[in-house]
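In: What follows is a protein structure lacking sequence information:
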DNA sequence: CAACTAGGTCACTAGGTCAG
DNA sequence: CTGACCTAGTGACCTAGTTG
C-alpha cells in the first residue's frame, strides 16, 4: 500500500495532498499555514533545518519551506475575491493613515526596514514639517512595513523576505502613490501637504529635462486615468507586480512561493475582469498588466534622477534610509 | 472515439447522459444533486462562475446551472408517487402547524421573506390575537418559508429563487387555504380563530359588491367541493401551479428547471388520474388543471380589493411584509 | 451481440474536529 | 500547535438492463 514516502517528512506514505505526495500530518501542517490559522514562523536553527535531510529537529519555517519545495500549492477556491479584497483594502488604508499622520520612531536604515523586525511609528506633531527627502524615506518605510504584513511575507525566510522587500518596495510605493492621487482626481503625484516629489535640488540641474519630470509625475497616473482603473483592479494588480518571482538574490523556494501567489492573484484578476467585462475581459486584463511597464519606466527615471543628483549635487547628505535604498537601486 | 465535448465542463467526451452530451464526472454530479444526496448549493463567486467559459473554478451551484442549461433532465422513474407524496404532505402539515401556532420572530419585509435567508418563528403566546392583516402577513411568510423548503428551490440561484417566490407565493397561499377549509367541510375560507379574510376596512367601501366577497371567499373552495378534490390531487396540482416557468424576472436556466419540475409533477398527476379514474382520467386531469384559472381569478379579485382599499382608505398603515407584497402585486 | 446508458461502488482528497 | 480520525464530495470503474 505504501508506494512511496512523504516528500516533506520522509515517512512512508501513499497519499497525495495539495499536489505533492505527503502524509496526513504534513498535509494538516501545510493547510494550517496557508489558511493563516497559525501565522507565526521563526527558525532557531538559522533556517537550515532542511539542509541536512537526516536532521531530527525541523522547525515550522523549514518544514513549510520543504512543503513549497515539494510543489505543494493551495487550492484556488478559498482564495477568492470576497476573501481577498477586504484584507488588502484594510492594509492599504492603514498604510495611508500611517504615512499621513505618523513619523518613524527613529531614523531606520534600509537594512533595518527590510529585515523581519517590525518598525514603530509615532504620531507626528503638528509643527513637524517634512521635506521631499523626508517624505520619500517615510514612503519607503511605510511601504516595507505594509509589505511585511502581507500573508505570504510571513512564509518567507528572513533572507528571502529581505530580497523580496528590496526588490518590490519601490514598485509598490510608486504604483500605490499614483493610484492614490488618481483616485483624488489629481493629474500628477505629489507628497502629502502638497510637497513636490522631486527635491528642490533637482531644479538647478542643467541636464534635467522637463520630459523627465512629466514622466515621473504623470505618466503612470495618466494611464490609470485613461484605463479608469478601479480600486479592486489596483489592489490585485499591485499584488501581481509585487509577487515577483525574479526578485534579486531570492532562493528557489522563495521564488516558488511568490510565483504561486502571483499566479493566484493573476487568476483572481482575470476572473474579476471576466465578471465585469465579459467579452472584453482578455483585453482589459492585458491593458491592466501592461501598467507593469510604466511602473518599471518610472523606476528607471528615478534611477536617472538619482544619478544626476549624485553628479551635480555631490554634497547632499542622504538620510540613512535613502542612502541604502539608493545603493541597492544603483546596483542593478 | 471522442466525438465531442462535455457540455458542462468542456472536456473531451462522447457519452450521452440524462439528455445531454456530458462526461461521467458531470453525470455523477448531476445525479447526486437531483437525488438530493448533496443538497447544499452556494456560490462564492456571485453566481457567475458559468458566465466565463474558461474559468478554472466552478462552484457546485454554477456547475448545476450549466447542467440545466445543457438540457439535462432527471429520469422520471425515481420521481414517483410514493416518493413524492410523503415529503409534500409533511411540508404542508408543517406549514399549517407554524401558521396556527407561531408568529415571526420579527417584522420581516417582503424582500427578506423572498431571499435565500431562512426566517425564524417563535411560539405565539395565547394572549396574542391577530387581526386580518396580521394573518395575511403570517400566511405569506409561512408560504414563502414552505416554498423555500421544496427540493428544487435549493437548485435555483438566489435571484431566481426571489423571482420564483414572488411570482408563486400568492397562488400557493390561496390554493392551500381553500383546500384546507374545504377539507374542514367549510364552504368559505377564513383565517384561524375564525377571523374574516377581508379586513374590516373593506366593509365601509361603497363600491364593494357582495359578488366580490363571494368570489374571494368561496369561488375556489366551491369548485374544490364540486370536483371532490383529494389531498393527493391537491398536493400535485399545487406543485404544478407553483412551478411556473413564466415567473417574472426569472433567468432562462431557472425557467428551464421549473419547466422540468412542472412537467414531472404533471406526468405524476396524469398517472395518478389514470390509476384512479381509468377511462375518465383525461377528463379528470383537465378538470383539475382548470382550477388554475380560478386561482388566477381570485388573485385578480384581491388585486382589485387592494386598489379599492388604497383609494377609499388611504390612511391604512400596511405592515412591512404586506407593503412589499402589494407593490409587487400591482406592478403587473 | 454490440453499443449505450442509468445507477452502484469505492478509493481518494479537502476540510473539520478534538484530545493530547 | 499537532495529527489521528471523521465527513462529504468526487469521479473512475463496474454492472445490469435496453435497444437496434
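Out: Looks like it came in fine. Predicted, not measured: the structure shown is a model, and the values here were computed from it.
In: helix or strand for the residue of the stretch 101-250 of chain A found nearest chain B, which one?
Out: In the stretch 101-250 of chain A, no residue comes nearer to chain B than residue A:232, which is 12.7 Å away by CB to the nearest CB. For the C-beta atoms, the positions are set from N, CA and C on the backbone; glycine is no exception. Assigned by DSSP states H and E, residue A:232 belongs to helix A:231-242.
In: Residue A:122 too?
Out: For residue A:122, the host element (DSSP H and E) is strand A:121-123.
In: Show me what the mean pLDDT comes to for that strand.
Out: Strand A:121-123 comes out with an average pLDDT of 94.
In: hmm, who's touching that strand?
Out: Under the contact criterion CB atoms under 8 Å, 6 or more residues apart in numbering or on different chains, strand A:121-123 has outside partners A:98, A:101, A:102, A:103, A:104, A:105, A:142, A:145.
In: Same check on stretch A:87-99?
Out: Contacts with stretch A:87-99, where a contact means CB under 8 Å, 6+ apart, come from A:121, A:138-139, A:142-143, A:145-146, A:149-151, A:176, A:180, A:192, A:231, A:235-236, A:239.
In: Distance from the chain centre to stretch A:146-163, please.
Out: Relative to its chain's centre, stretch A:146-163 lies at 9 Å (CA atoms, centre = their mean, to the nearest Å).
In: That stretch close to DNA strand D?
Out: No. Shown here: stretch A:146-163 not in contact with DNA strand D (CB under 7 Å from any atom of the strand), separated by at least 11.1 Å.
In: In that stretch, which residues are buried?
Out: Residues A:146-148, A:150, A:152-158, A:160-163 are the ones in stretch A:146-163 that count as buried (16 or more other CB atoms under 10 Å in any protein chain shown).
In: State the distance from the residue of the stretch 101-250 of chain A closest to chain B to residue B:86.
Out: Using CB to CB, to the nearest Å, residue A:232 is found at 49 Å from residue B:86.
In: Any regions of the stretch 201-332 of chain A where pLDDT drops low?
Out: A:206-208 (pLDDT under 70).
In: Would you point out which residue of it is nearest chain B?
Out: When distances are taken as CB to the nearest CB, the stretch 201-332 of chain A reaches nearest to chain B at residue A:274, 3.6 Å away.
In: in the helix or strand where that residue lies, what counts as buried?
Out: Here residue A:274 sits within helix A:252-277, counting by DSSP H and E. For helix A:252-277, the neighbour count (16+ other CB under 10 Å) marks A:253-262, A:264-275 as buried.
In: And the residue of the stretch 201-332 of chain A closest to chain B, how far from residue A:282?
Out: In this view, residue A:274 and residue A:282 are 9 Å apart by CB to CB.
In: Alongside DNA strand D, which residues does chain A contribute?
Out: So chain A meets DNA strand D at A:23, A:24, A:25, A:26, A:28, A:29, A:32, A:37, A:38, A:39, A:40, A:60 (CB under 7 Å from any atom of the strand).
In: Contacting DNA strand C as well, which ones from these?
Out: Checking the residues of chain A next to DNA strand D against DNA strand C by CB under 7 Å from any atom of the strand, the ones in range are residue A:28.
In: List buried residues within the residues of chain A next to DNA strand D.
Out: In those, the ones that pass as buried (16+ other CB under 10 Å) are A:23, A:26, A:29, A:60.
In: Where helices are concerned, which of those residues count?
Out: If you go by DSSP state H, these have A:26, A:29, A:60 in helices.
In: need the contact list for the second one.
Out: Contact partners of residue A:29, counting by CB under 8 Å, 6+ apart, are A:8, A:60, A:63, A:64, A:67.
In: hmm, back to that, max pairwise distance over the buried residues of stretch A:146-163: which two?
Out: Farthest apart among the buried residues of stretch A:146-163 by CB to CB are A:146 and A:157. That separation is 19.8 Å.
In: and the nearest residue to residue A:105 once chain neighbours are set aside, how many neighbours?
Out: Of all residues not flanking residue A:105 in the chain, residue A:120 sits nearest, at 4.0 Å (CB to CB, 6 or more residues apart in numbering or on different chains). Each residue near residue A:120 was counted by other CB atoms under 10 Å in any protein chain shown, and the total is 11.
In: Phi, psi for residue A:120 please.
Out: Torsion angles at residue A:120 (phi, psi; degrees, to the nearest 10) stand at phi -100, psi 140.
In: can you tell me how far it sits from DNA strand D?
Out: Between residue A:120 and DNA strand D the computed distance is 24 Å (CB to the nearest atom of the strand, to the nearest Å).
In: Would you confirm that that residue contacts residue A:104?
Out: Yes. Using CB atoms under 8 Å, residue A:120 is in contact with residue A:104, at 7.4 Å.
In: Need the phi and psi values for residue A:16.
Out: phi -120, psi 130.
In: Tell me the spacing between it and residue B:25.
Out: Taking CB to CB, one finds residue A:16 at 18 Å from residue B:25.
In: three-state assignment of the residue of the stretch 151-300 of chain A found nearest DNA strand D?
Out: Proximity of the stretch 151-300 of chain A to DNA strand D (CB to the nearest atom of the strand) peaks at residue A:154, 11.1 Å away. Three-state call for residue A:154 (DSSP: H, G, I helix; E, B strand; the rest coil): helix.
In: how close does it sit to residue A:160?
Out: Counting by CB to CB, the gap from residue A:154 to residue A:160 is 11 Å.
In: Same check on residue A:101?
Out: In this view, residue A:101 and residue A:160 are 31 Å apart by CB to CB.
In: Now do the same contact list for the residue of the stretch 201-332 of chain A found nearest DNA strand C.
Out: Among the residues of the stretch 201-332 of chain A, residue A:264 lies nearest to DNA strand C; the distance is 13.0 Å by CB to the nearest atom of the strand. Contacts for residue A:264 (CB under 8 Å, 6+ apart) come out as A:74, A:76, A:79.
In: Kindly report the same for residue A:155.
Out: With CB under 8 Å, 6+ apart, residue A:155 has these contacts: A:33, A:34, A:41, A:64, A:68, A:257.
In: for residue A:294, same thing?
Out: Taking CB under 8 Å, 6+ apart, we find residue A:294 in contact with A:219, A:220, A:223.
In: Narrow these to those in helices?
Out: Among the contacts of residue A:294, the members found in helices (DSSP H) are A:220, A:223.
In: those strands in the stretch 1-150 of chain A, which residues are they?
Out: Ranges of strands in the stretch 1-150 of chain A, per DSSP state E, counting those that start in this stretch, are A:16-17, A:20-21, A:102-104, A:121-123.
In: What strands line up against the third one, and which way round?
Out: Applying DSSP bridges to the sheet, strand A:102-104 is found paired with strand A:121-123 (antiparallel).
In: tell me the SS of residue A:215?
Out: helix.
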